[in-house]
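Undergrad: Okay, sequence plus prediction incoming.
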Amino acid sequence: AWTWNAEIGFGIATEMDVSEATVATAQIRDQAVITTAVVLSLIFGLTGLFVRNRYRMGIAHDELELASKQTGLILENATDGIMTVDDSQRVIRFNPEAERIWGYSAGEVLGKEMTVLLPEYIREAHLSHIHRFRDAEKAGVHMEDRGLQLAGLRKDGQRFPAEVGISKAEIDGQMQYTAFVKDITERKKAEQELQEAKEAAEAATKAKGDFLANMSHEIRTPMNAVIGLSDLCLRTDLTPKQHDYLTKIHSSANSLLGIINDILDFSKIEAGKLDIEEIEFEIDNVMDNLATVASVKTQDKGLELLFRRDPQVPTVLIGDPLRLGQILINLTNNAVKFTDKGEIVVGIELKEHLDEQVVLSFTVRDTGIGMTPEQQGKLFQSFSQADTSTTRKYGGTGLGLTISKQLVELMHGEIGVDSEAGGGSTFHFTVKLGVGESAREKQFETIPDLQHLHAMVADDNPTAREILAEYLKSFTFDVDTAANSDEIFDLMDRAKRPYD
């Protein structure tokens, strides 16, 4: 570079390397670029952060708005009245169901003390409960669970019973209480009607029981007189016509007494007046009585009455022998009624042994007319028989089986029937009975001299043959069976060991 000053006649010439001359400028430019880049990065970063926060705030706002709408819908459509009050007991929320329950609009109660919604006589108690609730640790309580009788006061002045649940929460440093109220007027009305109906039913049952207690004696006494006197008259000298008349009177009186007894027993069971005894008895005595009662009818119809008893059944039991016998007599009489030829077999088996109790299974099998499945479905119903035609032909009220079913259930058992039309019927039932203390003393043991005797059972009835053979085998006898005289002589001829 060259510079000349004409005034002084002096000039300066200089020389400089270009790269050295631009170093400072380059440094300033680079610094400016870096600063600009940093500033732009910060601007973009802050802008992105701002946008992202605004986006998140938008989502949060939308979610909050959605939650608010959902909460509003829940409050609007809740089936319980929902009311929120602040710590000074002023109403700050009152949903539509609360409006319906109390009859006030939300505008009429918002900002007012909630005591206007309560009957005057419980307002002070309510405030004391709220104060205790505020200081308690529980966040919520169901008033009805605490046994408090709550009531509300409608706009028209009418009181109503209410079921109330209360929760508390602290919001922005202020305590708020939310009550969930259900109007239980209809429920209380139904409970009252149910209580009145229960009391009426109990009164009717008591009256029925008193009637039965009186009529049981009043009805049976004259009937027994008719039966007894007609029986005595039949033992005197009578003309054939007189004997016929008295026989019909005696038979009809017995039938009528049976019907009366069934009706009275049925009524006692229905009224809960029939109790099951718990006394010691011998099962053989029950069976002997059954044989005595049923044998006359079976002999008149030419039927065989057979008994099959499991040797494992305890001889002495604890229960109600009268009612057990009543069940067996009902079922056996039914079997005789619907059987014209063949046999009636009464069986007892030990089904289960439970410590000091046993479950016995009883069966009454006949060879009578049997029943179809449809007819079986009508059994055990009050005043009903399997077929109306049987009522016309055989008579009866249909109460016997109903009474038997109820008696069996009172003895903790079950009853049922297996039958086939034209193939006879088998009624079976179970009862739970205690074992008597003297049961072991009544156990039978075969005398040593009589053990393993060689015996023959001869009977033309295969069931009777089988039953007798089972009894003898339980005594350790060696048993052969024969159905007729030819088989008897054949067995005797072929016997390797003579019969004892």
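TA: Thanks, I have the structure now. Given the structure is predicted, the values throughout are model-derived calculations rather than measurements.

Undergrad: Can you give me the distance of the residue nearest to T426 when sequence neighbours are not counted to P448?
TA: Using C-beta to C-beta, 6 or more residues apart in numbering and skipping residues adjacent in sequence, the residue nearest T426 is R365, 4.3 Å away. C-beta: built from backbone N, CA, C; applies to glycine. According to C-beta to C-beta, to the nearest Å, R365 and P448 sit 37 Å apart.

Undergrad: mind checking the SS state of the residue nearest to T426?
TA: State at R365, reduced to three classes by DSSP: H, G, I helix; E, B strand; the rest coil: strand.

Undergrad: cool, and V181?
TA: strand.

Undergrad: Look up how far G165 lies from it.
TA: 8 Å.

Undergrad: Looking at these two, which is more packed in?
TA: It is V181, of V181 and G165, that has more neighbours when counted by other C-beta atoms under 10 Å, with 24 against 16.

Undergrad: was I right about that one contacting E99?
TA: No: taking contacts as C-beta atoms under 8 Å, V181 lies outside contact range of E99: 11.5 Å.

Undergrad: Give the residues shared as contacts by the two.
TA: Common neighbours of V181 and E99 are listed as G81 (criterion: C-beta atoms under 8 Å, 6 or more residues apart in numbering).

Undergrad: Around K168, count how many other residues there are.
TA: 17.

Undergrad: what sits against the residue nearest to T426?
TA: A335, I344, V345, G347, G424, S425, T426, F427.

Undergrad: What is the nearest of those residues to I269?
TA: Of all the contacts of R365, I269 sits closest to F427, with 18.9 Å by C-beta to C-beta.

Undergrad: Whichever strand or helix holds the closest one: partners in the sheet, and parallel or antiparallel?
TA: Per DSSP states H and E, F427 falls inside strand 425-435. Within its sheet, strand 425-435 is paired with strand 316-319 (antiparallel), strand 357-366 (antiparallel), strand 415-419 (antiparallel), according to DSSP bridges.

Undergrad: which residues make contact with the next helix or strand after the shortest one from outside it?
TA: Per DSSP H and E, strand 316-319 leads on to helix 321-337 as the next helix or strand towards the C-terminus. Around helix 321-337, the neighbours that count as contacts under C-beta under 8 Å, 6+ apart are 265, 276-277, 279, 281, 285-286, 289-290, 293-294, 297-298, 301, 303, 305, 344, 346, 362, 364-366, 368, 394, 396, 400-401, 403-404, 407-408, 410-411, 425, 427, 429, 431.

Undergrad: about what we covered before: pLDDT on the strand holding F427, on average?
TA: Strand 425-435 carries an average pLDDT of 93.

Undergrad: Ok, stretch 186-205 next?
TA: The pLDDT scores in stretch 186-205 average 88.

Undergrad: any low-confidence regions in the stretch 201-350 of the chain?
TA: Where the stretch 201-350 of the chain drops to pLDDT under 70, the residues are 209, 212-213, 216-217, 270-273.

Undergrad: got the residue ranges for the strands in it?
TA: 279-282, 304-309, 316-319, 343-354 (DSSP state E, counting those that start in this stretch).

Undergrad: For the last one, name the packing helices and strands.
TA: The helices and strands touching strand 343-354, judged by 3 or more C-beta pairs under 8 Å, 6 or more residues apart in numbering; DSSP states H and E, are helix 283-300, strand 304-309, helix 321-337, strand 357-366.

Undergrad: Only alpha carbons, please: show the helix or strand following the last one as CSV.
TA: The C-terminal neighbour of strand 357-366 among helices and strands, as given by DSSP H and E, is helix 373-376. Taking only C-alpha atoms (Å, rounded to 0.1, in the frame of the first residue of the first chain), the coordinates of helix 373-376 have been written out as CSV:
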residue,chain,number,x,y,z
PRO,A,373,-94.4,-91.2,35.0
GLU,A,374,-97.2,-88.5,34.6
GLN,A,375,-99.1,-90.1,37.5
GLN,A,376,-96.0,-90.2,39.6
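
Undergrad: going forward, begin numbering at 220 instead of 1
TA: Done: numbering now begins at 220, and the last item shifts to helix 592-595.

Undergrad: Can you give me the buried ones in helix 592-595?
TA: For helix 592-595, a neighbour-count test (16 or more other C-beta atoms under 10 Å) marks Q594, Q595 as buried.
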